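S.K.: Just to be clear, the model below is a prediction. Sequence and coordinates:
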Amino acid sequence: MGLLAGDARADETVSLDYSAPQGCPNDDVFWSAFVSRATHARRSSGGEWSMTVRTTENEGSFLAQIELKHGEASTRRSVSDPTCATATTALAVIAALTVEPEPVKIVHTEPDLPPSPPPPSLPPPAWHLRVGGAFATTTFLAPTISFGALGFADLTREVSRFFALRARVGFMVATSLGIDVANASAVVTSYLARVELGGPRVSITRGFEANLALLADLGSLVGEGRAATSLTDASLWFDAGVIARLRLELARLAFEAGFGAAIPMHHTRFQFLPGPMVVYESPPIGAIAELGLELRLF
């Protein structure tokens with residue numbers, strides 16, 4: 001049998017002051033990584049040891065810094081890595097070895113003791129569900145500008161500073177201003193379901209980013225003539241395009257401004273009979289603008 005010396009030791013009380021950018025491990029995850037090595041550490045607001053951890057992001061890299069104090073003595077360490085989870089986990093291990101060094105092992109017989117386990121793996125990036133609404137305007141759902149409202153649900157998984165998987169589904173209703181045709185008038189109203197798939201993004205500052213997504217609209221356009229020979233009719237509508245958004249997040253609320261373009265995939269025409277006088281015909285391409293507000297549920 002082997003003899004181990006230095007295993008008996010009293011608990012060490014440790015206080016933790018922790019901050020990190022959004023998407024990094026929180027203080028509970030950092031503490032779990034720390035106590036997996038410092039098994040005699042106990043968290044306390046007024047501990048014998050104090051840890052101050054600050055993680056910052058700069059040009060695609062994360063700098064994790066720690067200051068450890070014990071009485072009058074203090075120690076500072078830092079770790080830099082492109083991945084926030086890797087930087088903070090390495091810092092937790094360094095802190096654990098400072099607070100609770102490996103005990104001295106005296107082994108008289110074989111076999112040797114197994115090596116220490118690796119640091120615990122951190123949880124994968126979280127999914128976020130958001131719901132919201134937007135004021136929308138287009139130049140291709142009617143011969144004049146259309147104005148309407150869009151409601152949506154958005155599911156996002158942050159992967160890195162430059163990429164976040166995002167799927168959005170919504171429904172939009174928009175109607176045109178009055179369309180004058182000879183001595184008559186008409187309006188065109190759209191009822192569209194929208195799907196978006198996004199990924200690329202650029203973090204401008206903390207909480208402020210630009211992102212890009214592909215979109216597709218599917219639904220119906222309804223033309224309503226307002227004349228003795230008028231015609232009210234509905235037509236299938238399908239378009240595909242891209243949209244870029246600027247997004248500012250404040251706690252659980254976020255504000256968005258979007259600008260994009262779409263190409264109609266189905267030719268649509270409304271006309272007065274027996275003329276025929278064309279009221280509307282789908283253009284080769286059109287513009288989209290949105291101004292929205294969203295709430296993060298989790």
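M.R.: Happy to help now that I have it. In this text the structure is predicted, and so the values were computed from the model without any measurement.

S.K.: Confirm that residue 32 sits in a strand.
M.R.: No - using DSSP: H, G, I helix; E, B strand; the rest coil, the assignment for residue 32 is helix, not a strand.

S.K.: Output stretch 41-53 as CSV, nothing but the C-alphas.
M.R.: Output in CSV follows, covering the C-alpha atoms of stretch 41-53 (Å, rounded to 0.1, in the frame of the first residue of the first chain):
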residue,chain,number,x,y,z
ALA,A,41,-11.9,25.9,-1.2
ARG,A,42,-15.2,27.3,0.1
ARG,A,43,-16.8,30.4,-1.4
SER,A,44,-17.3,33.3,1.0
SER,A,45,-17.9,37.0,0.7
GLY,A,46,-15.1,37.7,3.2
GLY,A,47,-12.6,34.9,2.5
GLU,A,48,-9.0,34.5,3.5
TRP,A,49,-8.3,34.6,-0.2
SER,A,50,-9.8,37.1,-2.7
MET,A,51,-10.0,36.5,-6.4
THR,A,52,-10.7,39.4,-8.9
VAL,A,53,-11.3,38.1,-12.5
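
S.K.: Now it: average pLDDT?
M.R.: Across stretch 41-53, the average pLDDT comes to 86.

S.K.: What residues sit buried inside that stretch?
M.R.: 41, 47-53 (16 or more other C-beta atoms under 10 Å). From N, CA and C alone the C-beta is placed, and that goes for glycine too.

S.K.: now do stretch 171-180
M.R.: Buried residues in stretch 171-180, counting neighbours by 16+ other C-beta under 10 Å, are found at 172, 174-176, 179.

S.K.: hang on, the earlier thing: now, which of the buried residues of stretch 41-53 lie within strands?
M.R.: The members of the buried residues of stretch 41-53 that map onto strands under DSSP state E are 41, 49-53.

S.K.: Which two among the residues you listed are spaced furthest apart?
M.R.: 41 and 52 (15.6 Å; C-beta to C-beta).

S.K.: what about the stretch 51-200 of the chain, any weak spots by pLDDT?
M.R.: For the stretch 51-200 of the chain, applying pLDDT under 70 flags the ranges 102-114, 119-125, 182.

S.K.: List the buried residues in stretch 205-224.
M.R.: Here stretch 205-224 shows 209, 211, 213, 215-217, 219, 221-224 as buried, counting by 16+ other C-beta under 10 Å.

S.K.: returning to what we had before: looking at the ones in strands among the buried residues of stretch 41-53, which one is closest to residue 26?
M.R.: Nearest to residue 26 out of those is residue 53 (C-beta to C-beta; 11.2 Å).
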